[in-house]
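Student: can't give you the sequence, but here's the structure:
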């Protein structure tokens, strides 16, 4: 299956979505996540670049300027499982529904894989993800984690 870079027909206002890894503004993503997120605060540029290289990456771009305004990353085997992470919307674009639209575009992009499960973790954006169909784990006692934080 190809990781088509365009996500046909999926736009939000003045923004278009793309899965083209060449369009990712790595410097901007690193700045956003390492300075303005609770989950990746202080993450090194090398670590961020390796994360990008090993993942499916999605961006929201202003159609006129081409400026990247939001980002999301998927870690997946492209067969059974995916982890949605590093979702970030530039402060100037928050409150417009762009984050919800980006995650919906990611979901649409993943549908052909027939994944059994797409997971995520969030401390404060449950409402955003619920709009797209995410729900709390039914049996959280079955899940475990290796590593802290």
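Tutor: That came through fine. Model, not experiment: these values are computed from the prediction.

Student: got the contact list for the most centrally placed residue in the chain?
Tutor: The residue at the geometric middle of the chain, judged as the C-alpha nearest the mean C-alpha position with CA atoms, centre = their mean, is residue 72 (1.8 Å). Under the criterion of CB atoms under 8 Å, 6 or more residues apart in numbering, the contact partners of residue 72 comprise 57-58, 84-88, 102-103, 106. All C-beta atoms are positioned from the backbone trio N, CA, C, and that covers glycine.

Student: try residue 76
Tutor: Counting by CB under 8 Å, 6+ apart, the residues that residue 76 touches are 55-56, 82-83, 110, 113, 115.

Student: Give me the phi and psi for it.
Tutor: Summarising the backbone geometry of residue 76 under the convention degrees, to the nearest 10, its torsions are phi -150, psi 160.

Student: Quickly list what it is bridged to.
Tutor: On the basis of DSSP bridges, residue 76 is bridged to residue 82.

Student: What confidence value was assigned to it?
Tutor: We have a pLDDT of 97 for residue 76.

Student: what do you get for residue 10?
Tutor: Each residue has a pLDDT score; the one for residue 10 is 75.

Student: so it sits right up against residue 105, yeah?
Tutor: Yes - A contact is recorded between residue 10 and residue 105 when judged using CB atoms under 8 Å, the distance being 4.4 Å.

Student: which of these two has more neighbours?
Tutor: Using other CB atoms under 10 Å, the more surrounded residue of residue 10 and residue 105 is residue 105, with 25 against 18.

Student: Quick check: the residue nearest to the centre of the chain is in a helix.
Tutor: No - Residue 72 is assigned strand when assessed by DSSP: H, G, I helix; E, B strand; the rest coil, not a helix.

Student: can you map out the strands along this structure?
Tutor: 6-12, 15-18, 56-62, 68-76, 81-89, 117-119 (DSSP state E).

Student: Output the ones you listed in a markdown table, with distance to residue 33 appended to each entry.
Tutor: Listed next are the strands of the chain as a markdown table, based on distance: least, CB to CB, whole Å:
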| stretch | distance to residue 33 |
| --- | --- |
| strand 6-12 | 21 |
| strand 15-18 | 19 |
| strand 56-62 | 12 |
| strand 68-76 | 8 |
| strand 81-89 | 6 |
| strand 117-119 | 19 |
